[in-house]
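# Could you look at this predicted model? Sequence included:
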Amino acid sequence: MRSLGFLSERQRQFAWVGFLLAAFQAPLAAKLVDDASWFFAVVVAGLVATVIIADDAQRRRPETADYAE
């Protein structure tokens, strides 16, 4: 059995939805808005992607074995 990440399956789904929404909103906002407020969506997408990658790394870790001493 593999170790679980720190996100539940539901949280993981919401993280992916949040990432995709922020990633698609950023170029659209950059085209429609004159100021640099679109950059906030890029930062949020990057942070959410970092959380998803960290959760993936923790899920892929091999399970620790308990050896009786």
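It's in.
# could you point out which element follows the top helix by length along the chain?
When the chain is scanned for its longest helix (criterion: DSSP state H), the result is helix 9-32. Later in the chain than helix 9-32, the nearest helix or strand by DSSP states H and E is helix 39-60.
# angle of that following helix against helix 9-32?
Helix 39-60 runs at 150 degrees relative to helix 9-32, counting by axes from the mean of the first three to the mean of the last three Cα atoms, to 10 degrees.
# Packing partners of helix 39-60?
On a contact count with 3 or more Cβ pairs under 8 Å, 6 or more residues apart in numbering; DSSP states H and E, helix 39-60 meets helix 9-32. Placement of C-beta: from N, CA and C, glycine included.
# Show me what the helix it packs on is packed up against.
The contact analysis (3+ Cβ pairs under 8 Å, 6+ apart) places helix 9-32 against helix 39-60.
# Which residues does the helix it packs on contact?
2-7, 12, 15-16, 18-19, 22-23, 25-26, 29 (Cβ atoms under 8 Å, 6 or more residues apart in numbering).
# When you filter these down to buried only, what's left?
With burial judged by 16 or more other Cβ atoms under 10 Å, the buried subset of the contacts of helix 39-60 is 5, 7, 12, 15, 18-19, 22-23, 25-26, 29.
# what distance separates the start and the end of stretch 30-50?
Distance between the two ends of stretch 30-50: 22 Å, counting by Cα to Cα, to the nearest Å.
# list the buried ones in it?
30, 38, 41-42, 44-45, 48-49.
# Need the buried ones among the contacts of helix 39-60 in CSV (columns: pLDDT).
Shown next, in CSV, are these (pLDDT from 0 to 100):
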residue, pLDDT
Gly5, 84
Leu7, 91
Arg12, 93
Ala15, 95
Gly18, 93
Phe19, 94
Ala22, 91
Ala23, 91
Gln25, 91
Ala26, 89
Ala29, 88
